[in-house]
Each structure stands twice: as structure tokens, then as C-alpha cells.
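# Sequence first, predicted model second:
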Amino acid sequence: MSIKITRVEKERRQLGLIIEVDKARFDKEMQKAARKVANQHKIPGFRKGKAPYNIILRHFGVGALAEEFVDDLGQEMYKAAIEQEGIEPYGIGSMDSIEMDPLRYHVTIPLTPEVKLGDYRSVRVEDVPVVVDEAEVQARIDQILERESGYEPVERPSEYGDLMNVDVRAVVLDGEGNETDTVVMDETDWDITPDEENPMEPAGFDAALLGMLPGAEKIFEIDWPEESPSMYAGQRVRFQVVLHENQAYVKPELTDEIAQSIGPDFETAEALVNRIRENMQEERASESENAFMERVFDQLVEISELDYPPIAVEMQIDQMLQTTDYHFRQMGVQGLDAFLEMTQQTVEEYRIAQREGAEKLLRRNLVLSEIATVEKITADDDEIDAQIGEMFGELDEDATAEQVEARERLVQMMKEGSSRLSVVERIVTAKTFDLLKAIVRGEDVPLPTADVASETANDESEGEIVAETETEPEAAAQEAVAEAEA
């Protein structure tokens, strides 16, 4: 069946179609709808289901009858239209409007993004040396020592920052310096820490606590400031303080004993410091590598021409939300929905917040995928087997025959269907990253060669290559386990 179709060119890789339903098909659907409606409703003067078509049409109208089939027919016409026109939609098309006389469907179809790469082989990006500041190493050590720190009794005069256990009585004085009946404060066994930067009211009280020894008593007078919001503003107050105990905050030196308490791998303090330094070196190297690739992708996107339908951004957001949901569950949170409920956000608000980042990631993915295609980057069977083996890890030596069989079954599942495609995409992404690093660092990278073997392998590696891993290897393995259990 040939369908009358009118193409309407649109911006941003979208194609409009006006799909017209021929009159014969429309009349046939109207007859079917009339029979259905007649069997459901009583029409005056006729037994149920026996009214003629023209009476049913006059009684219910064209619109009411068309409602019975217009949606289902639209889906059928849409599928037939894209098949007739040889269109491969990038995503789900949208129904824009429907005309009734004649019946026409106006739809918009997203098309595959177009990527015109710039001269990416001429891009050069400099590495930034990785430097670990010893002050940062010391800061990490201080964090460890902070956990070992605490207050210890001291016999020296009190200082700012000490934890003082005191009795304090404060009374307002009259104009002649005599105590009145107005008691400002009467505290016993009170823990207080004099603070130079954030002193208590009235001003001078913290400073007056300095220099006391345990067991000492100190009496002093303070004029409460006039500008104070306190009810005692402008009055003179006599304080009587007795210090029972004074403790100083003590942070220990890093010792072998403290290092050993951190973990069995550290026999000495030096071993702990070296591990901290190595970890920081790895962290800085990873941060430097990420920043390096940020600069690489910024330049690659800048020199490329990208055209993609709006739905591509929505699809990217969908992928990001799926990944976020997985990560939340890994952290013990009941998925993204639980997080949104805790933060009082709607899904739509969260999607809006992710849109800018999603579009940036989409543009990078498109460039990366196109480079993988141009460079004919593929994944062979050995690489696929190695990647799957890495996902599942090695079995223990004492694994049972059932465990061995289950692992082999899961590995085989990963080698087939959509699971295999996911593994291939992961490998191709990593190899494309490595190729780009070599190119932008000015290394000698041979141009891709066109041969039958590479073309065949490339057919298998077709798919979206992602600049950021969408799912962790463990997630893919868990999916395979779920499939096996099902």
C-alpha cells in the first residue's frame, strides 16, 4: 500500500512528515468504528447494533467515531511511512497535529546527528606536570592525628583554647560598687573554652579567664557595654570564678604506634607517610588526566560542526539519570527517586539542572564516536574476552563445579546480544581515548587503513561511544546475573 506523504524539512536534524490517509481506508475505519459504537450505545428507533451507518454518523458525528481509531491508525501509518520513505529515526517521533478532512497526520521525526570533524589530528594539548605539595601531605597527616587528639589535664596557667571547668557567679553592682540582688550568672561545674576570635559577652570575660591555675579563684569586674542588646547593658558586674580543672587540646606526633593503628600495612610512621604521598600522587595524576581530557574535548568540539535533534539531549539526560540512580543504590540510597524526595526536588527540576551538562557530554560523545568511526577503531574477540573476564574477576581456587559452571554461563551471556555490544563500546571508547591522547601529545600515530577485516569488525562496534562510562563494569555483570536468574 502506497501512502501519500509530504516531507517538510525542519531545523536541527528533524524531518516533518504529513501522512495522508486515503479516503477508502478512512471510510473503512469509520465503518468499523460505527459498528463498534452502535454495539455499545442505544440509538433511538433501532435495536442495539442495528442502526445504519448514516444514522450512526449523524447521531455521533465524525469526530466521535474517529476517536475510536485515529491513534492506532496513526501508529500504523507512522510505521508504514518511515518504511516507505526509508527513514531510520534516531529516536521516537512526535505527533504534532491531526487534520480530519482528509485525515492527515503531522509528525516530526528526529534524525541521526551529523558530525563534521575538524582537523583533529592537528590538535595539540600540553600536559600539566603532576606535583604533590608536601603541605598537602602534612594536611592529610594532620587529619589522621586529629582523630588521635583530645584534651588532657595541664598544670600551667590557662590559655585561649583550653577547656576550663569552673564555677562562675556574677552580680550587678550599684553606683557605689556594692553588690545588688541582681544575679547575672550562677553556674557550677561549667565547661568553658575562652576564645580570642569569638569571645563571649561581656567583652573582656574570656580574657579575664587567662592565667589561672587549677584550684585558683579570681574576682574581676566588667562594665557591660552600653550598645549591648543585653538587659545588663551599661551596668557594672562583678565576676567570681573558681577553676577546678584545666585541660589543653593536645595533638600527638605521628608515631609508629599510631601508624600501626591505622592498618596492618603500616609498620612505621614513614610507611604511612609514603603511602599517603603515593595516594596523593595517584589522585593528582587522575585529576590532571581528567583536566587534560577536558581541554582535549573542548578543542575537538570547538573545531567540529555538530547538528542533532533536541531529543538527543533528552536521551542523554535519561542515560545520566540511569547512571545516577545506579550510583545512589551502590551508596545505599534507594535510588534517584529517594534522593529527589530527600532534597525536595521533582524529576523535571532535576532534569532541568542536568541539561547543560548533558548537552556538553552529548557533544563530546558525538565527536568521540565519529573519531572512532573515522579511525576504524574496533574490538576483537580476545579484547572482548579479556574485558568480560575483568568484569567478573577470577574464581577462588576452591570454587565448586556449580560456581564454575555458573560463571561460564554468565560469561557466555555477556558475549552475546546487547551485553556484547556494551562490552564492545567500552573497549572502543577506551581505545579511542588512548588514540586521542597520543595524537594531541604529538606522538606518531599512523593513519587508519581500509581493509576487509577492519570493515567487518567495525560493523560489530557500531553504537554510541561515550566520553564518560555510563555504567560500571560491575553493573553490567549484575545485569547478566539477573538475566541468568530469570
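Here it is on my side, so go on.

# so is Q84 in a helix, a strand, or just coil?
Following DSSP: H, G, I helix; E, B strand; the rest coil, Q84 is assigned to helix.

# From the structure, what's the count of residues near R363?
23 (other C-beta atoms under 10 Å). C-beta coordinates here come from the backbone N, C-alpha and C atoms, glycine included.

# Just want the most central residue of the protein.
T324 (4.6 Å; C-alpha atoms, centre = their mean).

# and that one, what is it in contact with?
L336 (C-beta atoms under 8 Å, 6 or more residues apart in numbering).

# Starting from E359, give me the distance back to it.
Here the criterion is C-beta to C-beta, to the nearest Å. By it, T324 lies 17 Å from E359.

# A51 too?
Applying C-beta to C-beta to A51 and E359 gives a distance of 56 Å.

# returning to that earlier point: can I take it that the residue nearest to the centre of the chain is in a strand?
No. If the criterion is three-state DSSP, then T324 is helix and not within a strand.

# measure it to R351 for me?
11 Å.

# now do K42
48 Å.

# Counting neighbours, go ahead and name the busier of these two.
R351 (17 against 11).

# For that one, identify the helix or strand it belongs to.
Secondary structure assigned from DSSP states H and E places R351 in helix 347-374.

# repeat for R140
helix 134-148.

# Now do that helix: which elements does it pack against?
helix 256-262, helix 269-302 (3 or more C-beta pairs under 8 Å, 6 or more residues apart in numbering; DSSP states H and E).

# want to throw those helices into JSON lines with distance to L435?
Listed next are these as JSON lines, based on distance: least, C-beta to C-beta, whole Å:
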{"stretch": "helix 256-262", "distance to L435": "41"}
{"stretch": "helix 269-302", "distance to L435": "11"}
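
# show me where the stretch 1-150 of the chain has helices.
Assignment of helices within the stretch 1-150 of the chain using DSSP state H, counting those that start in this stretch yields the ranges 23-40, 53-60, 62-66, 70-85, 134-148.

# Any chance you could list what contacts the second one?
The reference is to helix 53-60. So helix 53-60 is contacted by 30-31, 34, 37-38, 41, 43, 46, 51, 65 (C-beta under 8 Å, 6+ apart).

# Pull the most distant pair out of those residues.
Longest distance between any two of those is 18.1 Å, between M30 and F46; criterion C-beta to C-beta.

# residue ranges with poor pLDDT in the protein?
1, 450-486 (pLDDT under 70).

# Got the domain ranges for it?
4-112, 114-148+267-297, 150-250, 375-486 (automatic domain parsing).

# who are the neighbours in contact with R351?
R351 touches 317, 321, counting by C-beta under 8 Å, 6+ apart.

# To clarify, my last question referred to Y120.
300, 303-304, 367, 371, 436, 439.

# of all those residues, which comes closest to E11?
Of the contacts of Y120, the one sitting nearest to E11 (C-beta to C-beta) turns out to be S304, at 18.6 Å.

# Contacts only, for the closest one.
Applying C-beta under 8 Å, 6+ apart, we find S304 in contact with 115-118, 120, 367, 370.

# Of those residues, which count as buried by neighbour count?
115, 117, 120, 367, 370 (16 or more other C-beta atoms under 10 Å).

# A203: how many residues sit nearby?
13.

# Kindly report the same for I276.
I276: 21 neighbours (other C-beta under 10 Å).

# how close does it sit to K4?
I276 is 73 Å from K4, by C-beta to C-beta.

# ok, now which residue in the chain is the farthest from the centroid?
Most peripheral residue of the chain (C-alpha atoms, centre = their mean): E176, 69.5 Å.
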